[in-house]
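Novice: Predicted model follows, preceded by the sequence.
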Amino acid sequence: MDLISDSELKIFREKLNSYSGLNDSNYEYGYFDAIEDIVPLEPEDRIGRLLELKPLENDEILPLDCL
């Protein structure tokens with residue numbers, strides 16, 4: 001999978017500040033104020049409820065849906 005690069009994250013943060021009204025800009029989307037922080041996700045954050053209930057067995061192969 002393709003993850004966001006540092007330069008893309010920098011651009012996102014700049015746009016977030018502009019759109020939320022934190023700096024002078026022609027844009028203002030107040031709902032961005034609800035974003036308090038952007039943090040990296042840990043592996044534990046990516047485990048869904050079903051996988052938590054029934055973890056994979058050793059050497060078990062399952063299809064992966066990336067959409």
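Specialist: That came through fine. Numbering: from 1, shown residues only.
Novice: count of residues packed around Leu16?
Specialist: 15 (other C-beta atoms under 10 Å). Using the backbone N, CA and C atoms, a C-beta is placed for each residue, glycine as well.
Novice: could you say which helix or strand contains it?
Specialist: helix 6-19 (DSSP states H and E).
Novice: CA atoms only: put the helix or strand that that helix is followed by into PDB for me.
Specialist: As assigned by DSSP H and E, the chain's next helix or strand after helix 6-19 is helix 49-53. Extracted C-alpha coordinates of helix 49-53, given in PDB (Å, rounded to 0.1, in the frame of the first residue of the first chain):
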ATOM      1  CA  ARG A  49     -13.200  -6.200  16.000                       C
ATOM      2  CA  LEU A  50     -13.500  -9.600  14.100                       C
ATOM      3  CA  LEU A  51      -9.800 -10.100  14.000                       C
ATOM      4  CA  GLU A  52      -9.600  -9.200  17.700                       C
ATOM      5  CA  LEU A  53     -12.300 -11.900  18.500                       C
END
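Novice: Tell me the buried residues in the helix holding Leu16?
Specialist: Neighbour-count burial for helix 6-19, with 16 or more other C-beta atoms under 10 Å as criterion, is recorded at 18-19.
Novice: starting at the chain centroid, how far to that helix?
Specialist: 13 Å (C-alpha atoms, centre = their mean, to the nearest Å).
Novice: cool, stretch 54-67 as well?
Specialist: Using C-alpha atoms, centre = their mean, the offset of stretch 54-67 from its chain centre is 22 Å.
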